[in-house]
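> Build me a model:
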Amino acid sequence: MNKTILIGRWSQSPDLRYSKNGKEIMNCTLAVNDRYNREHTNFIPVTAFGKVALNTSEYTDKGSQVAIEGQINVSSYEKDGQRRYVTKVLADSITFLDSKKSKQQDNPLAEEGEPYDPNGLPF
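A predicted model of the protein is given here:
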């Protein structure tokens, strides 16, 4: 089983792009504090697709606290004759943990002080 759950803050604003066939792809880096060494932070690349990608890029920004549920993905490529590996999390769902932010003010589903689930699922 390949399942991971992370809670952290975006270290940058989510980057939304579109594939050649028009599918939404969001990339961002999640800063997750090390629970045993408070001076160390892990920066974990996250990729989301479709509605999750679109809503995340629209309603979160740098510094937003989110919970990610997904799977770890390891891929590789060759550059200058050397094999390089890339590890990232493919997000199945992203839940916004901050209370209402400025990017959420236009969202009727995000009421004051209530978390908003970008996947459209009730809490």
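> Let me see the backbone angles for residue 54.
Reported as degrees, to the nearest 10, the phi and psi values for residue 54 are phi -60, psi -50.
> How many residues are close by the closest residue to it other than its chain neighbours?
Counting by Cβ to Cβ, 6 or more residues apart in numbering, residue 24 is the residue found nearest to residue 54 once chain neighbours are left out, at 4.7 Å. For the C-beta atoms, the positions are set from N, CA and C on the backbone; glycine is no exception. By the criterion of other Cβ atoms under 10 Å, residue 24 has 18 neighbours.
> any idea how far residue 24 lies from residue 38?
Residue 24 is 35 Å from residue 38, where distance means Cβ to Cβ, to the nearest Å.
> Kindly state the beta-bridge partners for residue 10.
residue 30 (DSSP bridges).
> per-residue pLDDT, it?
Predicted confidence (pLDDT) for residue 10: 97.
> And for it, the neighbour number?
Other residues near residue 10 number 19, with proximity taken as other Cβ under 10 Å.
> mind listing what residue 17 touches?
Neighbouring residues of residue 17 by Cβ atoms under 8 Å, 6 or more residues apart in numbering: 24-27.
> Just those: which are in strands?
Per DSSP state E, strands hold the following members of the contacts of residue 17: 24-27.
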